[in-house]
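J.: requesting a structural model of the entry that follows:
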Amino acid sequence: MANGFIDKARITVRAGNGGNGAVAFHREKYIAAGGPDGGDGGDGGSIIVRVDDNMSTLMDFRYKRKYVAANGVDGQGGRKSGKDGQSLTIRVPRGTLIRDAETGEIIKDMSDDQPFVLCKGGRGGWGNQHFATPTRQVPRFAKAGLPGESHDVVLELKLLADVGLVGFPNVGKSTLLSVVSKAHPKIANYHFTTLYPNLGVVYVDEGVSFVMADIPGIIEGASEGAGLGHDFLRHIDRCRLLVHLVDVSGSEGRDPIADFDAINQELRQYSPELADRPQIVVANKTDLLADPAQLDAFRVHVEEAGYTFMAMSAATHQGTRELVQAIAARLAELPPVAVYEPEYVPRPPQIDTSEPLNIQQEDNTWLVEGPWLQRLMANINFSDYESRMYFDKMLRQSGLFDQLERMGIQDGDIVSMYNLEFEYQR
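T.: Residues are numbered from 1 along each chain as shown. Model (predicted):
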């Protein structure tokens, strides 16, 4: 997007795979048959998302689209477990929504300070030390680690400002923000509008402050995607209060009433809820006003529409202090900034079970492995009843149990799949 402001980015994230368990036996001088001592594989690293208040755009994600955490290290002999893979932390600006790329559903609203695990690392496989039993004293097998979760997601930045400054380009929004806050927006007399939102913290009094965002000037037709406006309207979504600036000076031959109505029409087309958000209407550039009757006519129009009206000159600072105090008083009565609830529900993985599985028999233990089984198990929550039922259904559909019976499995034999073991019952 022009001028480098990115407020939407699609990325692929993948957690690390678990390391494989080791097959090893204890060897010591004068001890004829040492027991199994293969260590476990390390868990794969997870993908963790954190809020970083030093970031204000999603620019970094324009150049890097793929994020992969480290795999767990394989286990070794001597009961040495492999190291866990290092998790990868992705930092995003506060207010970033994480959406599922396919459905658009919200996975997480990154508005608080809690780290969020977006993709969990795969569990490490067990070494053969775990498989020794009185009847199976020399287990010659270990388990492979499970794959880490992966996801295609869309990051979407919605500013967490309390107050959104709206209005046509060049009405003085950047000037007002620079006067009342510590922000340093670029200020110039151009019509193609601020290309990215500027944020400023406005200190009113001890313990009283609010965040104000200079939303890029809305061009008529923005709600239908004209100009830049459509992409930026989403930034006002969370503002609790809109401050609508209008140039009343007529210095550019514009009609303040027509401008005011046009902006409100844009807001209503984009989101009726947004158009109903509390709004303070501010007549700016009063220092350049040639005809005071124009200001009175505008005041009447605004107040008849039910809005609070104020007048000021951001350039000469006249009326700016009163505006800031009025904003703070209004915010004190309004509910807090909206936080979006997650909507995303993970769907069962689409897995082709036609690929044959690798089945080996060790005494009364049946080892079952294969790529689709590994993928399936990485997506099953074994503490959830419905998830377990789905797992059982997939195994039956694949014909695995019929195959085991043809191979001679008996009731009470152990079926061993990655980090799961169960007794077989017909």
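
J.: which residue is the nearest non-sequential neighbour of G127?
T.: Nearest residue to G127, sequence neighbours excluded (C-beta to C-beta, 6 or more residues apart in numbering): G38, at 3.3 Å. For the C-beta atoms, the positions are set from N, CA and C on the backbone; glycine is no exception.

J.: phi and psi next, for that neighbour.
T.: When read as degrees, to the nearest 10, the backbone of G38 gives phi -70, psi 130.

J.: same deal with R299?
T.: Dihedral angles (degrees, to the nearest 10) for R299: phi -60, psi -50.

J.: which parts of the stretch 301-426 of the chain are helices?
T.: 320-333, 371-378, 385-398, 400-406 (DSSP state H, counting those that start in this stretch).

J.: hang on, I meant the stretch 51-200 of the chain
T.: 60-63, 173-180.

J.: of these, which is nearest D384?
T.: helix 60-63 (32.6 Å; C-beta to C-beta).

J.: which strands and helices sit next to the closest one?
T.: strand 8-14 (3 or more C-beta pairs under 8 Å, 6 or more residues apart in numbering; DSSP states H and E).

J.: what does the strand it packs on rub up against?
T.: 47, 58, 61-62, 64-69, 90, 101, 118-119, 148-157, 231 (C-beta atoms under 8 Å, 6 or more residues apart in numbering).

J.: repeat the analysis, applying 6 Å as the threshold.
T.: 47, 58, 61, 65-68, 101, 118-119, 150-152, 154-156 (C-beta atoms under 6 Å, 6 or more residues apart in numbering).

J.: quick check: G16 touching G148?
T.: Yes. Applying C-beta atoms under 6 Å, one finds G16 in contact with G148, separated by 4.9 Å.

J.: quick one: which of the contacts of strand 8-14 has the most company?
T.: I47 (27 neighbours; other C-beta atoms under 10 Å).

J.: just to revisit the earlier point, I'd like the helices of the stretch 51-200 of the chain as JSON lines, with mean pLDDT and distance to P335 appended.
T.: Below are the helices of the stretch 51-200 of the chain laid out as JSON lines (pLDDT from 0 to 100; distance: least, C-beta to C-beta, whole Å):
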{"stretch": "helix 60-63", "mean pLDDT": "84", "distance to P335": "31"}
{"stretch": "helix 173-180", "mean pLDDT": "82", "distance to P335": "23"}
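
J.: circling back: of the helices of the stretch 301-426 of the chain, flag the one that's most buried.
T.: Neighbour counts (mean count of other C-beta atoms under 10 Å) averaged over each of these peak at helix 371-378, with a mean of 18.

J.: what's the end-to-end length of stretch 392-410?
T.: End-to-end distance for stretch 392-410: 18 Å, by C-alpha to C-alpha, to the nearest Å.

J.: next secondary structure after the helix or strand bottoming out on mean pLDDT in the chain?
T.: Ranked by mean pLDDT, DSSP states H and E, the weakest helix or strand in the chain is helix 229-233, scoring a mean of 57. Moving toward the C-terminus from helix 229-233, the next helix or strand (DSSP states H and E) is strand 241-247.

J.: next, the angle strand 241-247 makes with the next helix-or-strand element following that next one.
T.: The first helix or strand that comes after strand 241-247 along the chain, using DSSP H and E, is helix 256-270. Counting by axes from the mean of the first three to the mean of the last three C-alpha atoms, to 10 degrees, helix 256-270 lies at 140 degrees to strand 241-247.
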